[in-house]
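Undergrad: Pasting a predicted model and its sequence here:
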Amino acid sequence: MTFRFTGTVSAILLSEECKRLFVAVNRDLFVWDISKNEQTLSVRGCWGGITAFALQGLVLWASCQDGTLCCFDIYTGECKRLTGIHGHMISALGVNSDNNTLIAATNKDRAFAWDIDHQILVDQLFCMTKICEQLR
């Protein structure tokens, strides 16, 4: 199976059930249904360049170069929430096993734990051990 994109791929994520492939190309988001080998969604002109993804059920979190987090419905592409955690580029995202905390790591040796339900910053992390504890 081959997927072709015009531009630079900056982030990629495969869903847990291996049915969907999420790809960021330049500032655009694409979703592919792998079983049907077809593109099911494209969202044009996301804020900043997308740098990382994290999947939380039917919601896709995308981080941008300017430190913004966008929350997309994976079926409609609707931006449900736009959040600015900090001013640094986010280089990695993860959601804990309870789906209630989003961890955003920057390219400045910092990570932030974000309470998704209450939309508040719960912790600023500087140590990889603490990040791993939050993801459990």
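TA: Alright, I've got the coordinates.
Undergrad: Low-confidence stretches in this structure?
TA: Residue ranges of the chain with pLDDT under 70: 1, 45-48, 81-82, 84-87, 123, 125-136.
Undergrad: could you redo the last one with a cut-off of 90?
TA: 1-11, 15-18, 25-29, 35, 37-38, 42-52, 56-59, 61-136 (pLDDT under 90).
Undergrad: if I look at the residue most central in space within the chain, how far off is residue 118?
TA: Nearest to the geometric centre of the chain sits residue 53, at 2.3 Å (Cα atoms, centre = their mean). Using Cβ to Cβ, to the nearest Å, residue 53 is found at 22 Å from residue 118. All C-beta atoms are positioned from the backbone trio N, CA, C, and that covers glycine.
Undergrad: Tell me the buried residues in stretch 99-108?
TA: By neighbour count on 16 or more other Cβ atoms under 10 Å, the buried set for stretch 99-108 is 101, 102, 103, 104, 105, 106.
Undergrad: Stretch 14-27 too?
TA: Within stretch 14-27, the residues scored as buried using 16+ other Cβ under 10 Å are 20, 21, 22, 23, 24, 25, 27.
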